[in-house]
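Asks: Below is the structure, and that's it, no one-letter string:
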C-alpha cells in the first residue's frame, strides 16, 4: 500500500470585476472544487476510486470579522460533505454552514491560532463522493463603487492523506 500527502488551496479574489451574482452565490455553501468561483475549476465532483482511501487531517479558512471599508474581511465557514451527508449539522439535524475560520484558521499564525487543533481524521472510503463547501456569513459590500479600499483575498487550505 502506498501513501501520499496532498494539499489543496482554494483562492478567491474580488478585484471589482466579479459579477455581483457570482459573489451572491457565496451566501449559500459552494464547492471549493467545482463551483466555478475563484480557482474552483474542476469539471466533476471529487470521488475516491475503488483503490483509494483518504483521511482529511486539517482544513480551515481565513478568519473573518464584520468590518467596514478596508477593515472588511469575509466571515467564512467550511463544511465537509461525504456522500449525501454533511459533516457539520445544526442542532435540528439539518446541514449547517460549517466551522468558522476563527475556529479553524488558515494560515495558522501567532495571531490566528486555532481554537481546536484540526485533528479531524475524517475518513473517505473507496468509491465515495466527497466535497468541501465554503459559505460567506457576512454580507458583501452592496456595490463595488462604495468600496474604495484595496481588494481583499481569502482562501482555505486543507491537507489530504490517502
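Replies: That came through fine. This structure is a prediction, so every number in the text was calculated from the model and none was measured. Residues are numbered from 1 along each chain as shown.
Asks: ranges for the helices of the protein?
Replies: For the chain, the helices defined by DSSP state H cover 20-25.
Asks: Surely residue 78 and residue 58 touch.
Replies: No: at 10.9 Å, residue 78 does not count as touching residue 58 under the criterion of Cβ atoms under 8 Å. The C-beta positions use only the backbone N, C-alpha and C, and glycine is treated the same way.
Asks: More neighbours: the two, which one.
Replies: residue 78 (27 against 19; other Cβ atoms under 10 Å).
Asks: Point out where this protein drops to low pLDDT.
Replies: By pLDDT under 70, the low-scoring segments of the chain are 1-3, 13-23, 65-72, 112-119, 138-162.
Asks: Check the contact between residue 49 and residue 126; I expect there is one.
Replies: Yes: with contact defined as Cβ under 8 Å, residue 49 and residue 126 form a contacting pair (6.8 Å).
Asks: the more surrounded of those two?
Replies: When residue 49 and residue 126 are compared for neighbours, residue 126 comes out ahead with 12 against 9, by other Cβ under 10 Å.
Asks: Now do the contacts for that one.
Replies: Neighbour list for residue 126: 48-53 [criterion: Cβ atoms under 8 Å, 6 or more residues apart in numbering].
Asks: at 6 Å what do you get?
Replies: When contacts are counted by Cβ atoms under 6 Å, 6 or more residues apart in numbering, residue 126 is found next to 48, 50, 52.
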